[in-house]
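A.B. asks: Have a look; sequence and predicted model below, questions after that.
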Amino acid sequence: MSATSPLGAIGALGVALLTVTLLQRRFGATPPSRQFSTLDGLRGYAAFLVFLHHSAIWYGFARTGVWELPPTRLYTHFGQSSVAIFFMITGLLFWSKLLDARALAFDWRRLYVSRVLRLTPLFILLVALLWIVALTMSRARLQVSVPRAALQTVQWLTFTVFGMPNINLAPTSIIGGPAWSLPYEWWFYFSLPLAGFLVGLRPSRGWLLASVAAVATAVWWVSARGNWIIASAFLGGIATAFAARQPRAREAAQHPVAAIVCLGALAATSRFETAFAPEPLLFLSIAFAIMACGNSLFGSLEWPAARGLGEIGYSVYLLHGVVLFVAFGWLFDRVESSAAAANGHWAVVYACAAIVPALSYTTFRLIEAPAMASVDRVNAWLTR
């Protein structure tokens, strides 16, 4: 079985879902149903596919020392299309909040408190783990000046808006690589007061001016990188927010034939070299709209294990790079290891497919969930 075998990916996903099932039976229940509940399962699958994307990259890196995209389109899309789906989920959920709030008062402070508490605590853990790896590799010696080390840390703690440097000369840009997408999420959040004004909300002058300034900065930041096509993935979610409010659209999307259309759109997406081009993003947006409007793809998006994987998806997304580095970079070092052979590679991937959900479930329960539960308390304290 090759290192980019679809059957290998299915087996690894089965290991992850089994691990989540066992964790749910032992420690907790499936996330409660809610609007757009199919997105929970979709988020879980997408996060795990990013893990598979990077595991395939590690196979090539262990043999050549070159960090590059997987050799197959399918595994390339495991990473790129999944990130595009994350952006679409964000676009849908938060644009829906804006549309729903046109008849209500909107608490902007609470929105940003919730985003900070949702994303920051786990990200601080990631940066701490990167430093642990870096110091372990250097035998606790600082390989750069103190000011340089501080600057590298700040660059990471800004959610990589100012870059993803290798901390203390260790390959942390590889280990924490998935964090590259988070600046796009934050730019989108900062644009919401301005977007809300455009759809009929009336944010205060302070929120509106801050949003305009943030959007101007985002335009400069994205333009400097030439990544407008990546940022455009949010548009698929925004369009879906409008479609999901139409009863006929939701009814049509939930028909079994729509599931076939969705799978066909996903297959069409995978035929392109990259997800970040107009045509694949269009196909991906069609598939996303069908799933977001309630089509569970014959129940697969509503499996308890899939939704549980989605609940811990942020931890899976951020922390799997650390697990893969320990496995492939330390325990199975480069070409001399059994991980350089396809069978050995899959043995390591399957082990990681169990470890990553277990680790992520732990960090979700100990870090993410308590932080999210404190949103109202922190917001009330800030408004005193």
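C.D. replies: Okay, I see it. Residues are numbered from 1 along each chain as shown.

A.B. asks: Tally up the residues packed near residue 292, please.
C.D. replies: 26 (other C-beta atoms under 10 Å). No exception for glycine: its C-beta is placed from N, CA and C like everyone else's.

A.B. asks: That one is in contact with residue 249, isn't it?
C.D. replies: No: with contact defined as C-beta atoms under 8 Å, residue 292 does not reach residue 249; the gap is 10.4 Å.

A.B. asks: residue ranges with poor pLDDT in the stretch 51-200 of the chain?
C.D. replies: Across the stretch 51-200 of the chain, the ranges flagged by pLDDT under 70 are 103.

A.B. asks: now the strands for it?
C.D. replies: Here the stretch 51-200 of the chain has no strands by DSSP state E, counting those that start in this stretch.

A.B. asks: If you average the pLDDT over stretch 215-230, what comes out?
C.D. replies: Taken as a whole, stretch 215-230 has a mean pLDDT of 94.

A.B. asks: Go ahead and name everything in contact with it.
C.D. replies: Stretch 215-230 has contacts (C-beta atoms under 8 Å, 6 or more residues apart in numbering) with 84, 87, 161, 183-184, 187, 190-191, 194, 231, 276-278, 281.

A.B. asks: So which of those is surrounded by the most neighbours?
C.D. replies: residue 84 leads the contacts of stretch 215-230 on contacts (other C-beta under 10 Å) with 28 neighbours.

A.B. asks: and that residue, how far is that from residue 147?
C.D. replies: Residue 84 is 38 Å from residue 147, where distance means C-beta to C-beta, to the nearest Å.

A.B. asks: swap in residue 341?
C.D. replies: 44 Å.

A.B. asks: higher neighbour count, those two?
C.D. replies: The neighbour count for residue 341 versus residue 147, taken as other C-beta under 10 Å, is higher for residue 341 (15 against 8).

A.B. asks: what separates the more buried one from residue 223, distance-wise?
C.D. replies: 44 Å.

A.B. asks: cool, residue 20 as well?
C.D. replies: Taken as C-beta to C-beta, the span from residue 20 to residue 223 is 40 Å.

A.B. asks: Check residue 358 too.
C.D. replies: 41 Å.

A.B. asks: try residue 106
C.D. replies: 29 Å.

A.B. asks: again with residue 8
C.D. replies: 39 Å.

A.B. asks: Neighbour count for those two, which is higher?
C.D. replies: Taking other C-beta under 10 Å, residue 8 and residue 223 do not tie; residue 8 has more neighbours (21 against 11).

A.B. asks: check which helix or strand covers that one.
C.D. replies: Using DSSP states H and E, residue 8 sits in helix 6-27.

A.B. asks: Just the CA atoms of that helix, as CSV, please.
C.D. replies: The C-alpha trace of helix 6-27 is given here as CSV (Å, rounded to 0.1, in the frame of the first residue of the first chain):
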residue,chain,number,x,y,z
PRO,A,6,-6.9,6.2,-0.4
LEU,A,7,-7.5,2.9,1.4
GLY,A,8,-4.8,3.8,3.9
ALA,A,9,-6.5,7.1,4.6
ILE,A,10,-9.9,5.4,5.1
GLY,A,11,-8.2,3.0,7.6
ALA,A,12,-6.6,5.9,9.5
LEU,A,13,-9.9,7.7,9.7
GLY,A,14,-11.5,4.5,11.0
VAL,A,15,-8.9,4.4,13.8
ALA,A,16,-9.6,8.1,14.7
LEU,A,17,-13.4,7.6,14.8
LEU,A,18,-13.0,4.4,16.9
THR,A,19,-10.7,6.4,19.3
VAL,A,20,-13.3,9.1,19.6
THR,A,21,-16.1,6.6,20.1
LEU,A,22,-14.2,5.0,23.0
LEU,A,23,-13.5,8.4,24.5
GLN,A,24,-17.2,9.3,24.3
ARG,A,25,-18.3,6.1,26.0
ARG,A,26,-15.7,6.5,28.8
PHE,A,27,-15.8,10.3,29.4
